[in-house]
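Asker: Sequence and predicted structure below; questions after.
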Amino acid sequence: MTTLGEVVDLLHEWYPPSTAEGWDAVGLVWGDPESTVKKVMFAVDPTLEVAREAADWGADLLVCHHPLFLKAVNGFAATTPKGKILQTLVAADCALLTAHTNADQAVAGVSEALALTLGLTDLDPILPAPESPLDKLTVYVPQDAAAPVRAAISDAGAGNVGLYDHCSFTTVGLGRFRPLEGAEPAIGSVGDLEVVDEDRLEAVLPRRMRSKVVAAMREAHPYEEPAYDISEIADSGLNRVGTGRIGNLAPMSLREFAQVVAETVPETAHGVRVGGDPDRVVRRVAVCGGAGDFLLDQMAAGDADVYLTSDLRHHPAAEFLEKGGPALIDVAHWAAESTWLPVVQARLDEAMGDTVGTRVSTLPTDPWSFRI
């Protein structure tokens, strides 16, 4: 039996709510974490039609990219459009979870899914997210006491590197000290110079846990005054998490690439709008799922041949193209973000096996229904 809480924890591991923008509303909107989940459906928008599709299919959880309630509400009566959507899900006992800006930046997230769907390789974020600040603790300890000190700092949160824990490094050396009047040395005597076989232990730790790890080290250390230091580790600049994606493509004309886009993303009334010389050679492509005009200044200073996003406005787009930077391709917001749904579906299938059935909503939720 798989619980809603287990599925939520897994989705939050892949798309941590802590990485969402401050204005966003992500996470579990409604549902009992102890309830059983047998069917999960994925959609971009939590519309009434999508809610009904989830209910008719018997979904226990609907995972949507866009929030149902982006702003605070005092209630959700079924007499309102959003209240009717939630009432439909509640009546079907179908939980609702939102993964929005936390899914935009993530590895295997929205922008990365769009880039891979278009065939881009060698992907990097356009704007890498800041890495979680790290420290390195170095402490000198008598060799016979090294093991408990090592265990203590690991239990307190030091030594976690990727999918590994209890990571540390040890070098052997000699420690020298002379206890002064008033000291209560664990080794040696007041006034006498001591030379002790010691281990130098080194381990990384999240900066937010510095106080906890140092306290654990001091508690486990046999010395009255342990010798240690803390170094702040610089950002590596290699973070795969971040805004948008930029990558490489086999050379083709802008017109040819626009055709690839049209054949790749779902068809909408919006279509694929292109700004730039149709014969321009495209080798390097930047994409941002959703509304991406906030990256135009970044793109003007970059090396992309074309920037693909959604919801570009007239004046910012015109002024951008006048500067002679990358070409622009504008696709429907829903179409760009829908490329993420099969990706998160496949991840959940792989993680849950045949214990949970999954489905991507078959309903297009682009707001524009036709164009004349």
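Answerer: Done, it's in. Residues are numbered from 1 along each chain as shown.

Asker: Does the closest residue in space to G292 that isn't next to it in sequence belong to a helix, a strand or coil?
Answerer: Closest residue in space to G292, ignoring its immediate chain neighbours: T309 at 3.0 Å, by C-beta to C-beta, 6 or more residues apart in numbering. Backbone N, C-alpha and C define where each C-beta goes, glycine included. Look at T309: counting by DSSP: H, G, I helix; E, B strand; the rest coil, its state is strand.

Asker: what about T309, neighbour count?
Answerer: 26 (other C-beta atoms under 10 Å).

Asker: OK, contacts around it?
Answerer: By C-beta atoms under 8 Å, 6 or more residues apart in numbering, the contact set of T309 is 244, 287-293, 295, 329-331, 336.

Asker: G353: which of the residues you listed is nearest?
Answerer: Closest approach between these and G353, by C-beta to C-beta: G289, at 28.5 Å.

Asker: Which neighbours in the sheet does the helix or strand containing the closest one have, and how are they oriented?
Answerer: Assigning secondary structure by DSSP states H and E places G289 in strand 281-291. Using DSSP bridges, the strands paired with strand 281-291 are strand 245-253 (antiparallel), strand 306-310 (parallel).

Asker: Tell me which of those sits nearest to R273.
Answerer: strand 306-310 (10.0 Å).

Asker: pLDDT weak spots in the stretch 151-300 of the chain?
Answerer: 237-238 (pLDDT under 70).

Asker: can you do 80?
Answerer: For the stretch 151-300 of the chain, the stretches with pLDDT under 80 are 162-163, 235-239.

Asker: how's the chain carved up into domains?
Answerer: 4-103+340-360, 110-129+241-336, 134-233 (automatic domain parsing).

Asker: Go through those and name the closest to S369.
Answerer: Closest approach to S369 among the domains of the chain (C-beta to C-beta): domain 110-129+241-336, 6.3 Å.

Asker: hmm, back to that, distance to V265 added to the strands paired with strand 281-291, as CSV?
Answerer: Supplementary listing: the strands paired with strand 281-291 in CSV, determined by distance: least, C-beta to C-beta, whole Å:
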stretch, distance to V265
strand 245-253, 15
strand 306-310, 9
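
Asker: Go through these and pick out the most buried.
Answerer: Highest mean neighbour count among those (mean count of other C-beta atoms under 10 Å): strand 306-310, with a mean of 27.

Asker: In contact with the spatially most central residue of the chain, which residues are there?
Answerer: The C-alpha lying nearest the average C-alpha coordinate of the chain belongs to A106 (C-alpha atoms, centre = their mean; 3.0 Å). The neighbours of A106, taking C-beta under 8 Å, 6+ apart as the test, are 14-16, 19, 112, 241.

Asker: Now V272. Nearest residue, chain neighbours left out?
Answerer: With C-beta to C-beta, 6+ apart as the criterion, V272 has its nearest non-adjacent residue at 4.6 Å, and that residue is A262.

Asker: doesn't that neighbour fall inside a strand?
Answerer: No: counting by three-state DSSP, A262 is not part of a strand but helix.

Asker: From R255, how far out is it?
Answerer: Per C-beta to C-beta, to the nearest Å, A262 is found 11 Å from R255.

Asker: before we move on, the earlier item: could I get the buried residue list for the strand holding G289?
Answerer: Under the neighbour-count criterion of 16 or more other C-beta atoms under 10 Å, strand 281-291 has 282, 284-290 buried.

Asker: export these to TSV and tack on distance to E219?
Answerer: Putting the buried residues of strand 281-291 into TSV (distance: C-beta to C-beta, whole Å) gives the following:
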residue	distance to E219
V282	60
R284	53
V285	54
A286	50
V287	50
C288	48
G289	48
G290	48
